[in-house]
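Trainee: next come a sequence and a model predicted from it.
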Amino acid sequence: MSAGPGVSAVSITPVVVRLKLSLLRNGLRQSAGRRAAFIASTVLVLLFAALQLLGLIALRGNEHATAVGVLLVAVLALGWTVMPLFFPSGDETLDPTRLVMLPLRPKPLVRALLAASLVGVGPLFTFCLLLGSVISVAHGTAAYVTAAVALVLALTVCVALARAVAAANIRLLSSRKGRDLAVLSGLVIAVGAQLVNFGAQRLGSAGGLSRLDPVTDVLRWIPPASAVGAVDSVSDGSYGAGIVQLALCAAALAGLLALWSRHLTRLMTSPDGSTLQAAEPAAKERGSSGLARLLPAGRTGTVMERSLRYVWRDPKTKAAWVTSLAIGLIVPVFNALQGTGSVYFACFAAGMLGIQMYNQFGQDTSAFWMVALTISSTRDAYVELRGRALALLLITLPYATLVTTVTTGLLGAWEKLPEVLGLSFALLGAMLATGAWSSARFPYSIPQEGYKNVAPGQAGLAWIAIFGGLISAALLASPVIALTIWLNVSADGGHWTWLLLPVGAGYGVLITLLGLRLAAPRTAGRLPEILAAVSKG
């Protein structure tokens, strides 16, 4: 990485900033819809930022202003940290390897990219929230002077943090695993929303914002939240503490810039390892044989191994599974922690995972032709569907049991554990049965690129398969549901609710086998139609 005699930081920085503006401008020229979406989102973000700014200014003089400001800056820093991991394509300038052919030195390039990072809606939004945070705790001339320095330091630390994380993980973000992270970004947002909701409800109880004080006492010494802590310390007359907190923020900025520069040097001078072999063939064979040894012999084990590898390797399948696993745990457990839940919410885990049985052939895409070649009879179709169901049960059964046990434990309703487990197993069996049938009757393609999970023109098939299957599964599980209700409302039924565990498990097994038997002939007779449907993506 050498630079010519005419290359300097003064000349590089304006060029890179203009490059960032050109990328934004050219992106908006692609379509009117993209321009409209950008303008609408920008207006909403700026409106929200303005309201937050006014709200923070209104907190001046409030005893909890420091806690709110410090926590807000800490959350902002966390957002800047994870943003490059889950939205790597949101900013084309996050990938410095595109400049690898230019004669640029690390330090001028770091300064230029740092300046370009300050251009955009995200930095403007962050600036507004940081401005409101420092204003809410600033009192006196010295505090306002400190606030000006703290504002610049905090904003620069946030941007440098995002850049350092992106540079350190750029090889990952440009690989298949990076695309997996991007697909899982929706899950992170959903989980974060649940955590925010849970935290807000906890703060609304006794104690209110005073519960944040212990956390604030720690975060006010951690950059970039220490910048707001410095303003608050100077406002209280603790000039020494304020200087130390500003120094911590400046040290963090210097460390991030040095780390960023080192990663840039490595990226610009080392070969791309994405073309190298990830592992030796012998190691892969050993891993495959190790997994195969744990599964049944014959076609059943082969089908199970293939399905489990889809879960681990295919981005869309992995995203669907991780989302179901997370939401299946969040809904019952968070409601139990809030004291508003029911033990029957634990059945949500079995329901979310049972959905994975629907559209089993869609995850094969056009490669389904290889599966179709191995199915020559109804028996072959039955073994294929059975193997896929067993692979799903291998994950679902222990997970549903775990979620049910945790939920009943949090609610202190251990006597309800057998009946809830039985109900979960019956519901899961019904969903496996309807999922096998709908996979053969309403298959649809799952595009491998982009964020859509249904190919254009097949949305109706997806809605019919999922919601029709859910309604059918509820109807199939209705005998066990009715038995559960009857035992709970009858006078002496409470002593016999433990029978729901073997009854529900046995019913789930029977209904699953019946569903597989009914779906097998339809699968064997519709192989060309299934292949055509799943190959449109």
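Mentor: Yes, it's here.

Trainee: confidence-wise, which helix or strand of the chain is lowest on average?
Mentor: In the chain, the helix or strand scored least confidently by mean pLDDT, DSSP states H and E is helix 281-293, which has a mean of 50.

Trainee: just checking, what packs against whichever helix or strand comes after that one?
Mentor: Where DSSP states H and E defines the elements, the next helix or strand beyond helix 281-293 is helix 298-313. With contacts defined as 3 or more C-beta pairs under 8 Å, 6 or more residues apart in numbering; DSSP states H and E, the secondary structure elements packing on helix 298-313 are helix 281-293, helix 315-337, helix 378-411. For every residue, glycine as well, the C-beta is placed using N, CA and C.

Trainee: change it to 6 Å
Mentor: Packing partners of helix 298-313 (3 or more C-beta pairs under 6 Å, 6 or more residues apart in numbering; DSSP states H and E): helix 315-337, helix 378-411.

Trainee: what about Ser238, distance to Val82?
Mentor: Distance of Ser238 to Val82, computed by C-beta to C-beta, to the nearest Å: 33 Å.

Trainee: actually Gly55, sorry about that
Mentor: Using C-beta to C-beta, we find Gly55 at a distance of 25 Å from Val82.

Trainee: higher neighbour count, the two?
Mentor: Set side by side, Gly55 and Val82 give different neighbour counts by other C-beta atoms under 10 Å, the larger being at Val82 (15 against 12).

Trainee: mind listing what that one touches?
Mentor: Taking C-beta atoms under 6 Å, 6 or more residues apart in numbering, we find Val82 in contact with no residue.

Trainee: and the helix or strand harbouring it, what's buried?
Mentor: With elements taken from DSSP H and E, the one containing Val82 is helix 65-86. Within helix 65-86, the residues that count as buried by 16 or more other C-beta atoms under 10 Å are 65-74, 76-77, 79-80, 83-86.

Trainee: and for stretch 431-451?
Mentor: Neighbour counts over stretch 431-451 (16+ other C-beta under 10 Å) mark 431-447 as buried.

Trainee: again with stretch 404-418
Mentor: For stretch 404-418, the neighbour count (16+ other C-beta under 10 Å) marks 404, 406-408, 410-411, 416-418 as buried.

Trainee: could you check the pLDDT of Leu499?
Mentor: Leu499 is assigned a predicted lDDT (pLDDT) of 86.

Trainee: how much space between it and Tyr507?
Mentor: On the measure of C-beta to C-beta, Leu499 and Tyr507 end up 12 Å apart.

Trainee: now swap in Val70 and tell me
Mentor: Distance of Val70 to Tyr507, given as C-beta to C-beta: 54 Å.

Trainee: ditto for Trp312
Mentor: In this structure, Trp312 lies at 31 Å from Tyr507, with C-beta to C-beta as the measure.

Trainee: higher neighbour count, those two?
Mentor: Comparing Trp312 with Tyr507 by neighbour count (other C-beta under 10 Å), the higher total belongs to Tyr507, at 23 against 10.

Trainee: contact partners for that one?
Mentor: If a contact means C-beta under 6 Å, 6+ apart, then Tyr507 has 426, 480 as its contacts.

Trainee: what helix or strand is it on?
Mentor: Tyr507 belongs to helix 500-525 when assigned by DSSP H and E.

Trainee: can you list the buried residues in that helix?
Mentor: Buried residues in helix 500-525, counted by 16+ other C-beta under 10 Å: 500-501, 503-505, 507-508, 511-513, 515-516, 519-520, 522-524.

Trainee: report the separation between the nearest residue to Val406 once chain neighbours are set aside and Lys416.
Mentor: What sits nearest to Val406 in space, not counting adjacent residues and going by C-beta to C-beta, 6 or more residues apart in numbering, is Val333, at 6.1 Å. As defined by C-beta to C-beta, Val333 lies at a distance of 15 Å from Lys416.

Trainee: walk me through the domains of the chain.
Mentor: Domain assignment of the chain by automatic domain parsing yields the ranges 9-186+220-269, 300-534.

Trainee: mean pLDDT lowest where, among these?
Mentor: Of all the domains of the chain, the minimum mean pLDDT falls on domain 9-186+220-269 (a mean of 81).

Trainee: hang on, isn't Ser233 packed against Gly240?
Mentor: No. Under the contact definition of C-beta atoms under 6 Å, Ser233 does not touch Gly240, with a separation of 8.3 Å.

Trainee: those two: who's more crowded?
Mentor: When Ser233 is set against Gly240 and neighbours are counted by other C-beta under 10 Å, the residue ahead is Ser233, at 24 against 10.

Trainee: and the more buried one, which of the three is it?
Mentor: helix (DSSP: H, G, I helix; E, B strand; the rest coil).

Trainee: flag every buried residue along the helix or strand hosting Ala473.
Mentor: Element membership for Ala473, per DSSP H and E: helix 469-476. For helix 469-476, burial by neighbour count (16+ other C-beta under 10 Å) applies to 469-470, 472-473, 476.

Trainee: likewise stretch 476-494?
Mentor: Those would be 476-477, 480-481, 483-484, 487, for stretch 476-494 by 16+ other C-beta under 10 Å.

Trainee: also stretch 239-256?
Mentor: Neighbour-count burial for stretch 239-256, counted by 16+ other C-beta under 10 Å, picks out 241-242, 244-246, 248-250, 252-253, 256.

Trainee: list the contacts of that stretch.
Mentor: Residues from elsewhere that reach stretch 239-256, judged by C-beta under 6 Å, 6+ apart: 146, 153, 156-157, 160-161, 164, 223-224, 226-227, 229-230, 233-234.

Trainee: ok, now stretch 295-313?
Mentor: Under C-beta under 6 Å, 6+ apart, the answer for stretch 295-313 is 291-292, 317, 321, 363, 383-384, 387-388, 390-391.

Trainee: one more time with 7 Å, if that's ok
Mentor: The set of residues external to stretch 295-313 that reach it, using C-beta atoms under 7 Å, 6 or more residues apart in numbering, is 291-292, 317-318, 321, 363, 383-384, 386-388, 390-391.

Trainee: buried sites along it?
Mentor: By neighbour count, with 16+ other C-beta under 10 Å as the criterion, the buried positions of stretch 295-313 are 295, 300-308, 310-311.

Trainee: identify the farthest-apart pair in these.
Mentor: Pairwise distances across those (C-beta to C-beta) peak at 16.9 Å, for the pair Thr300 and Val311.

Trainee: can I get the helices and strands packed on helix 298-313 in a markdown table with distance to Ser424?
Mentor: Formatted as a markdown table, the entries for the helices and strands packed on helix 298-313 read as follows, by distance: least, C-beta to C-beta, whole Å:
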| stretch | distance to Ser424 |
| --- | --- |
| helix 315-337 | 10 |
| helix 378-411 | 5 |
